[in-house]
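Novice: Test case, fold it:
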Amino acid sequence: MAIRFFAIRALSNVKTDVLDQNIFDVAQTLANLQEHILAGLLRIDTARLEEVI
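Specialist: Numbering: from 1, shown residues only. Predicted coordinates:
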């Protein structure tokens, strides 16, 4: 029985106008520095909404 190892890494303060492909390329480059494969990538954008007066 093989033991699977999963780790979650977060990149914060990424500019919202950065292309998805550029983020993927950076994640793939970082993944290549370790022995484990990149199993997935999730981009979550957040924004502060304020009432315009």
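Novice: drop to CA atoms for contacts and neighbour counts, all remaining ones
Specialist: Noted.
Novice: For residue 31, the count of nearby residues, please.
Specialist: Residue 31 has 14 neighbouring residues, counting by other CA atoms under 10 Å.
Novice: where does it fall, phi/psi-wise?
Specialist: Residue 31 has phi and psi values of phi -70, psi -30 when expressed as degrees, to the nearest 10.
Novice: how about the chain, which residue sits the furthest from its center?
Specialist: The centre of the chain is farthest from one residue, residue 53, which by CA atoms, centre = their mean lies 35.1 Å away.
Novice: Show the model's pLDDT score for it.
Specialist: As predicted, residue 53 sits at a pLDDT of 87.
Novice: what's the answer for residue 32, then?
Specialist: Per-residue confidence (pLDDT) for residue 32: 93.
Novice: what's the distance between residue 21 and residue 27?
Specialist: Between residue 21 and residue 27 the distance is 10 Å, computed by CA to CA, to the nearest Å.
Novice: oh sorry, the question was meant for residue 20
Specialist: Between residue 20 and residue 27 the computed distance is 11 Å (CA to CA).
Novice: With neighbour numbers in mind, choose between those two.
Specialist: More crowded of residue 20 and residue 27, by other CA under 10 Å: residue 27, with 17 against 11.
Novice: tell me which element that one is part of?
Specialist: Element membership of residue 27, judged by DSSP states H and E, is helix 20-31.
Novice: Identify all contacting residues around that helix.
Specialist: Identification of contacts with helix 20-31 by CA atoms under 8 Å, 6 or more residues apart in numbering yields 37-38, 41.
Novice: top of those residues by neighbour count?
Specialist: Neighbour tally across those (other CA under 10 Å): the maximum, 15 neighbours, falls on residue 38.
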